[in-house]
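> Sequence and predicted model, in that order:
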Amino acid sequence: MRRAIICLFFLITIQLFAIPNYKDYTKNVPGLDKYPNATAINVLTDIQLNINPDTTYTYEVFYIKKVLTYKGKKRYSDVKFIYNADYESIELGDCFTVNQEGEKIPLPPEAIHDSEHYLTLISPDYINFREKIINFPGIEPGYFIIVNYTLKNHRKEFISGVEHLMEENPFLEKHFTINSPKQIKIYYDYKRDLDNLKFTKEKNGNIISYKWVIKNSELIPDEQNAPSYMITGCPIVYSTAKNWKQMSNFLFDRFKKGIYRNREIEDKAREITRNKQSDRDKIFAIYDYIANNFLDKESDITEQDFNPQPLEKIFQQKYGSTRDLTALFIAMANMSDINDCYPAIVLNKAERFSPFQRNNAVRNFIENLVVFWDGILIYPGKDDMRFGYAGVESCNLIIGKKKPQFQQYNYNQDIVDYPKSISFIDKTIGCKLDNNGEDASIDYFIAYFGPQDYKYRTRFRNETEQKRKIWFSQRLKDKSSIITDGPYFENIEDLGKALIIHYKCDISNFFINQGDFIYFKLPGETIPIKSGAKERKTPFQIYKNFSIKEKFIIENITKDFTLIKPAKDVYKNLKLENCQIEYKLEFKESTNGNLTLIRQINIPECLISIDNYKKFTDFISELKQPHNLMVFLKKK
């Protein structure tokens, strides 16, 4: 009976997925006159996801694409299919091109390649990654590319994904259909306010068909700092898991089977945590041990099974994926009598502003698997990542407790022990003016936290002192600066303390002396936000926090001069729908000829709506004005 049902299912899906006649779709197709900003037109796209009763499935694709420009030719003349041969295979149908005269040009046999993916050289986890490539020869603007293929998957897990019905090039017509046995429920979500999007749900015997059709979809402009298509487009989100609770229970159950006690590993855990007084000290000792003795292999948790390798194997080979090292870390913590370490699923941080991510359990939303302990995330095996930072500042998180918890995570700066800071960059800049000229000697003392610590520790930790100095000197933004001492890297080997870089330099013509006035520009950090366009068609997303505190100590100011600008402390802030941007400038004059100015800027990760974009750009443009860093002195 089961075999009969499966056969009936395939008979129905074959009848449903009839390949259209390309000749009906390659006539009178519009071009650049109608779509001047497009590089190609998706004339017809038909995709069918056919789910079997045992949760294996096929993903069948047919599309006709018209190339409009040479940029489109470069992008679309090579079609790549990446698949995991452990549980996937690719079968090509009839793929060919059609020239401007409507003539069909078959693919020569040498145009199709199947080879190992380059990631197989990076990690054993990718040993069965394959890449099938079609090189369409002789493509020119005005040609059509026709692609037909089927991906077969026999992984037998929850089936989930996202199908986009809008992108940077328009769809004249796109169909997406899910055919599923009625006993396998499909949970789906999509934007319901588009007039050109139609959804139908039909029952055909034992099969339920869910179908979305969009016609003449608008293209999404390729704008700077544009959000993902999950926010700006028309995604169809689907899953056989009802919610994150159901999916994460399944994934965490698999993962936790790899956490158990082992005598050799327990002896090591006891050894490295001996004489540690607090749980925090023990946790850091385990973190430091794994970071300095194990290699973190590059891996993609979305492609991996959640079952880690056996702990003894990981321990002996001294390397593993993030999944493996996370399991080893939690096991060693448990063996050290710490039982509140949990695995944590980090969801894609760039898409955290999309409600689809929170409300739908989709495997592709998962970005990483790390450790959660005492309110912080820990990324085991990274010898260049400071304890307490795991590569994310803000994200949606699922914590693998007995009952999985979904929560929003924000990197907690309070975990920093030394030195304390509320910013990711904390600078103390001593500027000593030369009274015999217009030069200055600058002394930089910079502490880095969170992402900035990771950025510089990654770049410099494994370099020689000589290479550090050469690299550092070449990248000084002020070309009039000459390093006279340093740079020195404090704590670069200590993953428990903030990285500090200290150096001195001389700057010629630092200040201008014009009779009764002296003025100069503070060597402050440039705000790395580019928002030049006056108008946008998509929201503006800030993907990285910019958080800095700069303390400028100006020494050796002649007592005959007094400060006239800035004339008073400055505080500016911009409150938007989901964030607040702040700017502070405080100053203090002393009787000994010194001047202290403190500048603080905090720009968090956020999504700026189209309606608030002008307000945002005006505010940022004002902050970036050169006069904000200018200091003016006047003779008394």
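Received the coordinates, thanks.
> Pull the distance from the regular element (helix or strand) spanning Val370 to the chain's centre.
Val370 is part of strand 366-373, with elements assigned from DSSP states H and E. In terms of Cα atoms, centre = their mean, to the nearest Å, the centre of strand 366-373 is found 14 Å from the chain centre.
> so after that strand, what's the next helix or strand?
strand 376-378.
> How about residues contacting that following strand?
Identification of contacts with strand 376-378 by Cβ atoms under 8 Å, 6 or more residues apart in numbering yields 283, 287, 329, 344, 346, 370-372, 387-390, 392, 397, 409, 411-412, 415. Yep, even glycine has a C-beta here, placed from its N, CA and C like the rest.
> and if you look at stretch 623-636?
By Cβ under 8 Å, 6+ apart, the list of residues contacting stretch 623-636 from outside reads 515-522, 524, 526-527, 529, 554, 557, 560-566, 572, 583, 585, 595, 597, 601, 622.
> Can you tell me which of these end up in strands?
517-521, 554, 561-565, 572, 583, 585, 595, 597, 601 (DSSP state E).
> Filter these down to the buried ones, ChimeraX style.
The ChimeraX selection below is limited to those of the ones in strands among the contacts of stretch 623-636 classed as buried (16 or more other Cβ atoms under 10 Å):
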select :518,520,554,561,563,583,585,595,597,601
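> Give the buried subset of the contacts of strand 376-378 as a ChimeraX selection command.
Buried residues within the contacts of strand 376-378, by 16+ other Cβ under 10 Å, are selected in ChimeraX with:
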select :283,287,329,344,346,370,371,372,387,388,389,390,392,397,409,411
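> Show me the contacts of strand 376-378 that map onto strands.
Using DSSP E, the contacts of strand 376-378 in strands are Ala344, Val346, Val370, Val371, Phe372, Leu397, Tyr409.
> ok, the fourth one to Lys27 distance?
If you measure Val371 against Lys27 using Cβ to Cβ, to the nearest Å, the figure is 59 Å.
> ditto for Ile214
According to Cβ to Cβ, Ile214 and Lys27 sit 21 Å apart.
> who has more neighbours, these two?
Set side by side, Ile214 and Lys27 show more neighbours around Ile214, with 21 against 7, by other Cβ atoms under 10 Å.
> what about that one, is that helix, strand or coil?
strand (DSSP: H, G, I helix; E, B strand; the rest coil).
> That one and Phe129, how far apart?
Distance from Ile214 to Phe129, by Cβ to Cβ: 32 Å.
> now Asp94
Note on Asp94: its distance to Phe129, by Cβ to Cβ, is 26 Å.
> between the two, who's got more neighbours?
Taking neighbours as other Cβ under 10 Å, Asp94 and Phe129 compare with Phe129 leading, 21 against 14.
> pretty sure that one contacts Ala85?
Yes. If you go by Cβ atoms under 8 Å, Phe129 and Ala85 touch, sitting 7.4 Å apart.
> can you confirm Pro36 is in a helix?
No. Under three-state DSSP, Pro36 sits outside any helix and is assigned coil.
> can you give me phi and psi for it?
phi -70, psi -20 (degrees, to the nearest 10).
> The one 5 residues further on now?
The main-chain torsion angles of Ile41 are listed as degrees, to the nearest 10 and equal phi -120, psi 130.
> and it, what does it touch?
So Ile41 contacts Val29, Pro30, Gly31, Tyr35, Lys65, Lys66, Leu68, Asn169, Pro170, Leu172 (Cβ under 8 Å, 6+ apart).
> Which among the residues you listed count as buried?
Val29, Tyr35, Lys65, Lys66, Leu68, Asn169, Pro170, Leu172.
> Could you report the separation of the last one from Met166?
It stands for Leu172. 12 Å.
> Could you do the fourth one as well?
Between Lys66 and Met166 the computed distance is 17 Å (Cβ to Cβ).
> what bits of the stretch 351-500 of the chain have low per-residue confidence?
When residues are selected by pLDDT under 70, those of the stretch 351-500 of the chain lie in 413-422, 435-437, 477-479.
> mind listing the helices for it?
355-359, 450-460, 465-474 (DSSP state H, counting those that start in this stretch).
> With mean neighbour count and distance to Lys182 as added columns, please give these in JSON lines.
What follows is the helices of the stretch 351-500 of the chain, written out as JSON lines (neighbours: other Cβ atoms under 10 Å; distance: least, Cβ to Cβ, whole Å):
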{"stretch": "helix 355-359", "mean neighbour count": "16", "distance to Lys182": "24"}
{"stretch": "helix 450-460", "mean neighbour count": "20", "distance to Lys182": "48"}
{"stretch": "helix 465-474", "mean neighbour count": "13", "distance to Lys182": "62"}
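> Could you say which one of those comes nearest to Thr120?
helix 450-460 (24.3 Å; Cβ to Cβ).
> by how many degrees do that closest one and helix 465-474 diverge?
For helix 450-460 against helix 465-474, the angle by axes from the mean of the first three to the mean of the last three Cα atoms, to 10 degrees is 120 degrees.
> what residues does helix 450-460 touch?
Taking Cβ under 8 Å, 6+ apart as the rule, helix 450-460 contacts 384-386, 389, 391, 393, 411, 413, 424-425, 448, 468, 471, 489, 492, 498-499, 501, 544-545.
> Please list only the buried members of these.
Buried among the contacts of helix 450-460 (16+ other Cβ under 10 Å): 384-386, 389, 391, 393, 411, 413, 424-425, 448, 468, 489, 492, 498-499, 501, 545.
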